[in-house]
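*Asks:* Turn this into a structure:
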Amino acid sequence: MLDLGIVIVNYNVRDLLRECLASVLESRGDFTFEVCVVDNGSGDGSAEMVACDFPQVRLIQAENQGYAAGNNLGLRAFGFRDKREAESSEDQGEAEALPRYLLLLNPDTVLPPSALADMLAFMEEHPRAGVAGPRLVREDGSLDYACRRSFPTPEVAFYRFSGLSRLFPRSRRFGRYNVTYLSPDVTTEVDSVVGAFMLIRSEVLTQIGLLDERYFMYAEDLDFCYRAKQHGWQVWYNADVVVLHYKGESSRQRSSFATLQFYRTMRLFHDKHYKEQTFFLVNWMIYAAVALMGGWALLRDRMRPAGQRGVASAVPVSGGKRSK
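*Replies:* Numbering: from 1, shown residues only. A predicted model of the protein is given here:
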């Protein structure tokens, strides 16, 4: 049985993808792994580079249907199916061929040689951990706050929208969204990690299915972790493993589109998980806040120099990724 399947969805970041793949293939440890790159219609020669420089990597060239859909193509390549597909499957031996773990990895990450082995060991030490992620850091060494988050409930979203989370980042009440009240050095159970590096136990995928493709980009990782926790699995942030994350290089290429998708998924996540149990006036207030903030983000983005545009300046829901 394969220990680890790795899915990397790429969109027009050829040079970052090359660096990422090189770091993955230099991984050390007593485990087996395979890599699948899903190229979402890149026009920069990414697919040709993978085929030429990394022939050992499985390559899928696809039309760009979004980040979640791209990851699902990779997951299916490793044998995973959505719940309805699995229920209709007559192949009883298929589950035996699945990798023990699956890693969703962004092409704008660089892994130290021991990262994969250390993360797999962490999962073995925490048998109820269904999903885990490492400490992601930016080029300047600062923490990528998206790597450990709480779910954006109406209450948590209000603290974020109102600016209270920025004013009181050390508060356990107001700093919940990015868990800023805890030191980055603390390994802890969280609501969600980010899809830039999301290690998933095989049993979780077989129980809850694949990513929700209604999320074109952003929040599909939040949604997946939410569903995993609904089935009794834990989600962990492992501070002892550090991975470099350049972040947001793909989304900056289509900044207005990415910003629209960012705020669209905010409403989608709320409607899917919180709308029914939330008072209708509160729902209206949330919709109004999302619309106002989305409009302001678009205007502000248009006013920036072209090289500085992108969703990194928006209020983070899913961390300002993505390779879509």
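*Asks:* now the strands for the chain?
*Replies:* The residue ranges that make up the strands of the chain, judged by DSSP state E, are 4-10, 33-40, 58-62, 101-105, 109-110, 129-137, 188-190, 197-201, 234-245.
*Asks:* Mean neighbour count added to those, as CSV?
*Replies:* In short, each C-beta sits where N, CA and C put it, glycine included. Converted to CSV, the strands of the chain look like this (neighbours: other Cβ atoms under 10 Å):
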stretch, mean neighbour count
strand 4-10, 27
strand 33-40, 23
strand 58-62, 16
strand 101-105, 25
strand 109-110, 20
strand 129-137, 24
strand 188-190, 16
strand 197-201, 25
strand 234-245, 21
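*Asks:* how about these in TSV, adding distance to A51 and mean pLDDT?
*Replies:* Supplementary listing: the strands of the chain in TSV, determined by distance: least, Cβ to Cβ, whole Å; pLDDT from 0 to 100:
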stretch	distance to A51	mean pLDDT
strand 4-10	13	98
strand 33-40	10	97
strand 58-62	6	97
strand 101-105	19	98
strand 109-110	21	98
strand 129-137	29	98
strand 188-190	38	97
strand 197-201	25	98
strand 234-245	25	98
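*Asks:* could you dump these to TSV with distance to R227?
*Replies:* Formatted as TSV, the entries for the strands of the chain read as follows, by distance: least, Cβ to Cβ, whole Å:
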stretch	distance to R227
strand 4-10	18
strand 33-40	22
strand 58-62	24
strand 101-105	15
strand 109-110	24
strand 129-137	10
strand 188-190	15
strand 197-201	11
strand 234-245	11
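*Asks:* Among these, which comes closest to S171?
*Replies:* Across the strands of the chain, the minimum distance to S171, taken as Cβ to Cβ, is reached by strand 188-190, at 16.5 Å.
*Asks:* From T180, how far off is the spatially most central residue of the chain?
*Replies:* Centre of the chain computed as the mean C-alpha position; nearest residue by Cα atoms, centre = their mean is G195, 1.3 Å away. Using Cβ to Cβ, to the nearest Å, one gets 20 Å for the distance from G195 to T180.
*Asks:* Just the helices from the stretch 51-200 of the chain, written as ranges.
*Replies:* Listed from the start of the chain, the stretch 51-200 of the chain has helices (DSSP state H, counting those that start in this stretch) covering 67-77, 83-88, 115-125, 154-162, 164-167.
*Asks:* which helices and strands sit right next to the first one?
*Replies:* The reference is to helix 67-77. strand 4-10, strand 33-40, strand 58-62, helix 220-230 (3 or more Cβ pairs under 8 Å, 6 or more residues apart in numbering; DSSP states H and E).
*Asks:* Most tightly packed of the helices of the stretch 51-200 of the chain?
*Replies:* Of all these, helix 67-77 carries the top mean neighbour count, a mean of 24, counting by mean count of other Cβ atoms under 10 Å.
*Asks:* So what touches that helix?
*Replies:* Judged by Cβ atoms under 8 Å, 6 or more residues apart in numbering, the contacts made with helix 67-77 from elsewhere in the structure are 5, 7-9, 36-38, 40, 58, 60, 62, 64, 82, 102, 104, 195, 205, 210-218, 220, 321-324.
*Asks:* if you set the cut-off to 6 Å instead, what comes out?
*Replies:* Residues outside helix 67-77 that contact it (Cβ atoms under 6 Å, 6 or more residues apart in numbering) are 7, 9, 36, 38, 40, 60, 62, 104, 210-211, 213, 215, 217, 220, 322, 324.
*Asks:* Then stretch 141-157?
*Replies:* Taking contacts as Cβ under 6 Å, 6+ apart, the residues outside stretch 141-157 that touch it are 133, 136, 138, 176-179, 184, 190-194, 237, 245, 278, 282, 316, 319.
*Asks:* what's the closest of the helices and strands packed on helix 67-77 to R201?
*Replies:* helix 220-230 (8.9 Å).
*Asks:* So which elements touch the closest one?
*Replies:* Here helix 220-230 touches strand 129-137, going by 3 or more Cβ pairs under 6 Å, 6 or more residues apart in numbering; DSSP states H and E.
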